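**Student:** Following is a predicted model, sequence given first.
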Amino acid sequence: MNANTVCFSGFSREDEVQVLSAFDQANMRLPKRWAATNEKEAELIVIDMDTVYGHMTWLKANAAGKITAAVTSADRAEANHILHRPVTLEGLVQLLSQLSNQTPSVLPIARTTGQQVALTAEMLHARSTGEQAAFIPEESTHRTTGQQKAVASEAAASPRMTTGTQTAMPHLGPRALKLLDFLKPGVLGGPVKIQINDAPLLVIDPASQTYLGSSSLKPYVAYGIATLTEADFIAIDNDEFAQLGKQLGGSQPLSRLAWLAGLVGGNGQLLPAYNPNGLFKLDKWPQTEREFPKHFRIATVMMKGPAKLTDIAEQSGSSLADVTDFVNANLISGHASV
């Protein structure tokens, strides 16, 4: 049984989306993050006790010596802890911080648009199904003037990340955060800028799903590799965002940056939500082959049909690590599926 690990069991898809969304936001407020895993590996089992299988799940978890938390509308439950329905962000923060003996920080939580909420639901569902929700398609980032004004108004109304200077990366427990974690819908509350070491300035606008900078991805590799905290992201207003847009050469679809973050962030290891022995296929060709020519052979093999990572590596003449990184990138961007 591993420390700071949790499994959510017995929830309907709709309830799971709500609970996992609250869990992701609660996790951002803890110095040592919790990792979601399966029932066998988890230290804490959060159980929907108002379902037919809730009591059976509790019996199994209790017999295995797990810490249990019941999600219920009742006033009492047999579990070690109770989360009253509906599960709230503050309730989860209190439970997780108490069990791990931590003091939570006050991190602004972004107010999401309807489209972002839908995307969040898809990405959370992907954890249990093995599917991967794509970022907003590139064509949706080309807006009319009226739409751009609406987006600017939405961004202005959204809470911002706390302004601050770059800080040293603290110990984050089971898993350190990467750029990909901050690109998830609902994490960033508005336009932000970030710069690490000698990498070019990176400016991200979650509302329009764009980033400012070069269309070339390789200059931003350092951001995908680095471990980051919320303090690395500095909130900017719409005026500064517009000024930086002129300096940095226009906007690019955020899906491209997510693709890169997936490519370099895993260090040759498959994303946790996926089975290393599963079958993966490329559904559409990513527009990055000119910058990463070694991916051409991998993509060609994956376009033929579903295949294991080891088979893709053998047929393409590529290393397993290169294949795994490429698969991660395209699962994240929606170009690949299982």
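**Tutor:** Nice, thanks for sending it over.

**Student:** the domain parsing of this protein - what is it?
**Tutor:** What automatic domain parsing lists as the domains of the chain is 5-99, 114-260, 266-337.

**Student:** For the ones you listed, give me JSON lines that also has mean neighbour count and mean pLDDT.
**Tutor:** Using the backbone N, CA and C atoms, a C-beta is placed for each residue, glycine as well. Shown next, in JSON lines, are the domains of the chain (neighbours: other CB atoms under 10 Å; pLDDT from 0 to 100):
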{"stretch": "domain 5-99", "mean neighbour count": "18", "mean pLDDT": "87"}
{"stretch": "domain 114-260", "mean neighbour count": "17", "mean pLDDT": "68"}
{"stretch": "domain 266-337", "mean neighbour count": "18", "mean pLDDT": "91"}
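
**Student:** so Val46 sits in a strand?
**Tutor:** Yes: according to DSSP: H, G, I helix; E, B strand; the rest coil, Val46 belongs to a strand.

**Student:** from memory it sits against Leu83, does it?
**Tutor:** Yes: the pair Val46 / Leu83 is scored as a contact, 6.9 Å apart, by CB atoms under 8 Å.

**Student:** tell me, what's touching those two both at once?
**Tutor:** Ala69, Val71 (CB atoms under 8 Å, 6 or more residues apart in numbering).

**Student:** Pull up the gap between Ser235 and Pro272, please.
**Tutor:** Let me fix one detail, which is that residue 235 is Ala and not Ser. 29 Å (CB to CB, to the nearest Å).

**Student:** Next: Ser21.
**Tutor:** 18 Å.

**Student:** ok, now Ser12?
**Tutor:** Distance, Ser12 to Pro272, using CB to CB: 23 Å.

**Student:** can you give me the strands in the protein?
**Tutor:** 5-9, 35-36, 44-48, 67-72, 81-84, 192-194, 202-205, 210-212, 234-235, 251-253, 281-282, 336-337 (DSSP state E).

**Student:** Send me stretch 317-331 as CSV with only the CA atoms.
**Tutor:** Provided in CSV are the C-alpha atoms of stretch 317-331 (Å, rounded to 0.1, in the frame of the first residue of the first chain):
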residue,chain,number,x,y,z
GLY,A,317,12.9,0.4,-36.4
SER,A,318,12.6,2.9,-33.5
SER,A,319,13.4,2.6,-29.9
LEU,A,320,10.6,1.6,-27.5
ALA,A,321,11.1,4.9,-25.6
ASP,A,322,10.7,7.0,-28.8
VAL,A,323,7.5,5.1,-29.7
THR,A,324,6.1,5.5,-26.2
ASP,A,325,6.8,9.3,-26.2
PHE,A,326,5.2,9.7,-29.6
VAL,A,327,2.1,7.7,-28.5
ASN,A,328,1.8,9.9,-25.3
ALA,A,329,1.9,13.0,-27.4
ASN,A,330,-0.8,11.9,-29.8
LEU,A,331,-3.0,10.5,-27.1
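
**Student:** Show me the contact partners of it.
**Tutor:** Under the contact criterion CB under 8 Å, 6+ apart, stretch 317-331 has outside partners 132, 259-260, 262-271, 274, 280, 282, 286, 294-295, 297-299, 302, 309-310, 312-313, 316, 335-338.
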